[in-house]
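Enquirer: Whatever this is, show me its structure:
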Amino acid sequence: MPRPEKHVFICTQNRPQGHPRGSCASSGSMDILNEFMNEIQNRNLFEKITLTNTGCMGPCMAGSSVLVYPEGILYGKVKKADVKTIVEQHLIGGEPVTNLIVPKELW
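Expert: Numbers count the residues shown, from 1 in each chain. Alright, predicted model coming up:
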């Protein structure tokens with residue numbers, strides 16, 4: 001398998017209900033992970049984009065969190081409806097989705 005152009009990490013950390021930090025899982029991260037899988041499959045991007053689910057990446061208050069490398073851009077408060085935009089605009093088009101980027105003071 002060739003080296004992918006992009007590596008997408010999706011936080012799927014799950015903490016108990018009422019935990020002070022919250023969790024990306026309670027913000028729908030599994031739906032987001034599945035939507036990324038669907039988009040990658042539908043567009044036949046397996047050789048260009050690698051997808052990995054992760055534990056906590058830090059800014060839980062900004063969940064669901066999606067991190068894209070090699071740029072090191074962290075998206076926050078990502079919803080299922082945002083996935084297509086991230087795939088088209090950033091992963092394929094090379095332009096980050098600025099309104100979803102986590103503020104520098106959080107990450």
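Enquirer: Check which residues of the top helix by length along the chain are buried.
Expert: The longest helix of the chain (DSSP state H) is helix 29-42. By neighbour count with 16 or more other CB atoms under 10 Å, helix 29-42 contains the buried residues Ser29, Ile32, Leu33, Glu35, Phe36, Glu39, Ile40. C-betas here are computed from N, CA, C, even on glycine.
Enquirer: got the contact list for the last one?
Expert: Each residue near Ile40 by CB atoms under 8 Å, 6 or more residues apart in numbering is listed here: Phe46, Ile49, Leu51, Val87.
Enquirer: quick one: the third one from Val102, how far?
Expert: Put plainly, it is Leu51. Taking CB to CB, to the nearest Å as the measure, Leu51 falls 19 Å from Val102.
Enquirer: So for those two, which residue has more residues nearby?
Expert: With neighbours defined as other CB atoms under 10 Å, Leu51 and Val102 compare such that Val102 has more, 22 against 18.
Enquirer: Now that one: closest residue in space, sequence neighbours ignored.
Expert: Spatial nearest neighbour of Val102, excluding adjacent residues (CB to CB, 6 or more residues apart in numbering): Gly76 at 4.0 Å.
Enquirer: Quick one: residues contacting the one you found.
Expert: Contacts for Gly76 (CB under 8 Å, 6+ apart) come out as Pro59, Ala62, Gly63, Ser64, Ser65, Leu100, Ile101, Val102, Leu106, Trp107.
Enquirer: Out of the residues you listed, give me the one that has the most neighbours.
Expert: Most neighbours among the contacts of Gly76, by other CB under 10 Å: Ser65, with 29 neighbours.
Enquirer: Just to check, that one is in contact with Leu106?
Expert: No. Contact criterion CB atoms under 8 Å: Ser65 and Leu106 do not qualify, at 9.9 Å.
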